[in-house]
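Q: predicted model follows, preceded by the sequence.
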Amino acid sequence: MSSRVDEIDLSKKMGKEESEKRILAAQHRLTQLRLFSAGLLAPGSVGPGLLVLFEGFDAAGKGGAIRRLTSSLDPRHVLVVPISTPSSIELAHFFLWRFQPSLPGMGGMTIYDRSWYGRLLVERVEGIIDKETAKRSGEEIVQFERLLTDNNVTLVKLWLHISDKEQLARFNDRASNPLKQWKLTPDDWRNREKRPQYLKALADMVAMTDQPNAHWDLIPAEDKQYARVAVLETLIRRWEHDLERRGFSVPAPRRGDYLK
């Protein structure tokens, strides 16, 4: 049976000039929305917290997309949290426990570079949890995300997708570049060998956790110029829609800003 993952169009591309123009426009709009949601444009009108999850294959471009997302924002107004292997203390608790301190409150903004979806991807593929535990964990994630969105959190979930061929090219580029070698680990190479298992886990993850309140946006990331624009413009649309559905009068973009 075909899944949403199978339908991702990796042929999408964008020229550098158009990409840079649209990124700049989107950054202006994101700055405006961030100030508005923090209550700094309309005093007394503080918006819901914004939580943006980035997931994707190794070398899919999550870091580059996050840099472009945050570069126009005051660092005091956004928290970027890289998610890695849980510590021994975190493993002693329910798997969602470790995310509680960094969740955004009203007017806040948090970006996760990877997230609780490691439970349904890495932990499942590596056999750390069994099939039944993965199924139960998926149900718990759906409930958890419903709890967040019902309690003043806007949730945007982004998966950046690349082909096996493109990933190998990016790995080789990192391996040959002294300034990028630190990004490449033995685990990255080992995970490549399990791509079929990860694709199956990904398809199941999306099918299980793609909900009206917590939709998965699957971004074609084969072309970095296209992907970076898609990430920013998708976030803007999701953010604007959620603010409006909650009854906020979202300010119109300023002339020359994001207008799509």
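A: Alright, I've got the coordinates.
Q: which parts of this protein are strands?
A: For the chain, applying DSSP state E gives strands covering 49-56, 79-82, 109-113, 153-161, 216-220.
Q: CSV for those strands, including distance to residue 30?
A: In short, each C-beta sits where N, CA and C put it, glycine included. Below are those laid out as CSV (distance: least, Cβ to Cβ, whole Å):
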stretch, distance to residue 30
strand 49-56, 10
strand 79-82, 14
strand 109-113, 10
strand 153-161, 12
strand 216-220, 16
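Q: of those, which is nearest residue 119?
A: Across the strands of the chain, residue 119 has its closest neighbour in strand 49-56 (11.5 Å, Cβ to Cβ).
Q: can you give me how far that closest one is from the chain middle?
A: Taking Cα atoms, centre = their mean, to the nearest Å, one finds strand 49-56 lying 4 Å from the centre of the chain it belongs to.
Q: which residues of this protein score low on pLDDT?
A: 1-2, 255-260 (pLDDT under 70).
Q: show me where it has helices.
A: Here the chain has its helices, by DSSP state H, at 16-37, 62-70, 88-91, 122-125, 131-150, 164-176, 186-192, 195-209, 224-245.
Q: quick one: these as a markdown table, columns for mean neighbour count and distance to residue 5 too.
A: Putting these into a markdown table (neighbours: other Cβ atoms under 10 Å; distance: least, Cβ to Cβ, whole Å) gives the following:
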| stretch | mean neighbour count | distance to residue 5 |
| --- | --- | --- |
| helix 16-37 | 18 | 24 |
| helix 62-70 | 19 | 17 |
| helix 88-91 | 10 | 29 |
| helix 122-125 | 20 | 15 |
| helix 131-150 | 15 | 15 |
| helix 164-176 | 14 | 13 |
| helix 186-192 | 13 | 17 |
| helix 195-209 | 17 | 5 |
| helix 224-245 | 20 | 16 |
